[in-house]
Structures are given as structure tokens and as C-alpha cells.
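got a sequence here, can you model it:
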Amino acid sequence: MNNENNDEDFPFDEWASLARHDPHGFESARRQVLQSLIESAPLTQRRRLEGLQWQIDRERERADNPMASCIKISSMMWDRVLGEGGLVDNLEQLSGVKPPREQPRRQASVLPFTRRDDAL
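The predicted structure follows:
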């Protein structure tokens with residue numbers, strides 16, 4: 001399969017045929033293209049992209065059928081766009097339409113652990 005990122009050159013018919021006739025081959029090619037895309041991203045974004053792809057893969061595994069998977073992943077996308085701390089929220093804060101949100105302070109208690117030499 002062609003790994004190019006140009007949408008105009010995307011070989012839809014080839015991918016559709018592969019998915020129909022060789023679902024395992026399609027899945028392998030899909031994973032390879034996604035991994036290649038993630039690896040081509042700047043280092044500062046790779047971990048986030050890997051985490052997002054992991055979440056998407058888990059939703060696909062949990063879904064009862066492809067349509068349920070599509071709906072769930074679409075919902076995840078819209079939450080990232082419209083939800084609190086999402087794209088629209090951040091754009092409104094940057095443009096001054098909305099005041100910046102204060103980040104909640106996280107507090108934690110540090111628990112002391114005693115070392116047991118006999119456990120080593």
C-alpha cells in the first residue's frame with residue numbers, strides 16, 4: 001500500500017478492495033501506515049499521538065460492530081473539539097472571548113514506605 005499523506009492521491013479503491021478480500025492484510029497495512037505517520041510527527045507530539053491511537057484501538061476492540069466503533073470514535077473527536085479544554089474552548093481563551101480557566105491545583109499525600117530488607 002502507498003504510505004503517502006496526500007489525500008488527493010489516496011487509493012481508496014485499493015484499500016476498499018483489500019478490506020473486502022483480505023481483512024487481516026488490510027488491518028496490517030492500516031497499522032503500518034498509522035505507525036509510519038506517527039513516527040513522521042515531531043518528537044514532541046509522538047507520545048500524545050501514540051496514546052490517542054491506543055485509545056482509538058481500544059474503542060475499536062470494545063465495540064460490538066464497526067458502526068458502533070465509528071460512533072464512539074466520532075464522539076471522542078467531538079469531545080476534543082467542543083468539550084471543556086477542547087479546541088473551541090482554547091481558541092476562545094486565546095482570542096480573549098473567554099477568560100482563561102484556572103487550572104485546579106493538584107494535591108497529593110506522600111506516603112512513607114519502610115524498606116523491608118528481607119523482601120530483597
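
so where do the helices sit in this structure?
For the chain, the helices defined by DSSP state H occupy 12-21, 23-40, 43-62, 66-82, 87-95.

by mean pLDDT, show me the worst of those helices.
Mean pLDDT per stretch puts helix 87-95 lowest among those, at a mean of 88.

tell me how many other residues surround the residue nearest to residue 82 when sequence neighbours are not counted.
Nearest residue to residue 82, sequence neighbours excluded (C-beta to C-beta, 6 or more residues apart in numbering): residue 88, at 5.6 Å. C-betas here are computed from N, CA, C, even on glycine. When counting by other C-beta atoms under 10 Å, one arrives at 14 neighbours for residue 88.

isn't residue 88 right next to residue 81, touching?
Yes: if you go by C-beta atoms under 8 Å, residue 88 and residue 81 touch, sitting 6.2 Å apart.

tell me who's in contact with the residue most central in space within the chain.
In the chain, the centroid-proximal residue (C-alpha atoms, centre = their mean) is residue 52; its distance is 1.8 Å. Contact analysis of residue 52 by C-beta atoms under 8 Å, 6 or more residues apart in numbering lists nothing.
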